[in-house]
Every structure is written in C-alpha cells, then in structure tokens.
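J.: quick one: sequence and predicted model below, then my questions.
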Amino acid sequence: MRTISLAFLLFLCFACTADPISDWVEHDLLSQNLAIKVMAPDSVDIKSNNLSGISRDVSLRNTDEGYYLQIFSSLASTSDIARLKSEQLGLVRENPYFERILEEEPNGFIFQSRIDTLEMYGFRYVHYKGDREFIFQNGIGHIFELEEVEKMYEGVKQGE
C-alpha cells in the first residue's frame, strides 16, 4: 500500500508541473509573410529580412527573457523532413565547437557546444508547409542556457 501511495504522489507532482511556456502567447507570423505561428514572450521585437528574394529570415527577440529565435524560410528543396533535419544535423556537427546532441526528435534536436569551459546550447527544428521549408533555430550571437533553449524549442513545436 505504501508503494502505491508513493507512486500516486509522484504522479501528482509530475502532473502538476507547470507548462514552461504557459506565460507565452501565440504569434502569428503571417504579417511577416510566413504562414506559421510560434509561442513566444508577449513582448518580442520582430524583424524580417528578405534574403536574395527567395528566402526570408525572421527573428523574434526579447533577450531580457533569454529569448531569441530565428526562422529561415525558403522554397522547399524536398518534403522529406528526415532529410531536412539530417542536413541541419550535418551543419551543426561541422562546427568545431560542437560537443554533442542532447535530445533528438523526428523534426529537430537540441545540442551542446563548448569553447574551452564555456558551454552553450542551441537547437534546430524543421517544418514543411505547402511549398516552403522552415528552419527554426536559436538566434546567432547570443549564448543560451539549456533551459532557455528547451523553452524556445517547445514554443516552436507548440506553435506549429
């Protein structure tokens, strides 16, 4: 009986854990010419750039909250999500500071990099919609803690 009670209490503890992105809101990026939505802090600065007329770079940023997301959109080279993710894995692994993959799913992954003793974390998430491919990643030029990356990664998956 004691084992059952303990198991039930553990279940309740895990069931009551707050959703890490529950305080975020959905951002519809149609105004940036992206037919997608992401979960992000309410107050993000959104910037959009056209890259060579065929691809788009949209960034959502609120570094006070440890949030900086970049989304690259272009005409899809394939509808094969596994191939798109594999390409991203290859790019990340080519970085000389790449350390290891921490979490991997069919559409994305979280990874760790290291420069000397400084650990940094990042992610890639791929999505295919219509004739477009979307590559979601942590913003370049900012060092993120693992918890920040996990939260951004979850926000991308939730908004899909």
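T.: Received it, and whenever you're ready, just let me know what you need.
J.: quick one: the helices in the protein?
T.: Per DSSP state H, the chain carries helices over the ranges 2-15, 81-94, 146-159.
J.: name the residues that touch the second one?
T.: Where contact means C-beta atoms under 8 Å, 6 or more residues apart in numbering, the residues beyond helix 81-94 that reach it are 77-78, 98, 101, 106-109, 111, 122, 124, 126-128, 133, 135. C-beta coordinates here come from the backbone N, C-alpha and C atoms, glycine included.
J.: for that helix, list every residue counted as buried.
T.: For helix 81-94, the neighbour count (16 or more other C-beta atoms under 10 Å) marks 84, 85, 87, 88, 89, 92 as buried.
J.: of the residues you listed, closest to residue 116?
T.: Set against residue 116, the nearest of the buried residues of helix 81-94 by C-beta to C-beta is residue 92 (19.2 Å).
J.: where does that closest one land on pLDDT?
T.: For residue 92, the model assigns a pLDDT of 97.
J.: please apply the same query to residue 106.
T.: On pLDDT, residue 106 comes in at 95.
J.: neighbours of it, just the number please.
T.: 9 (other C-beta atoms under 10 Å).
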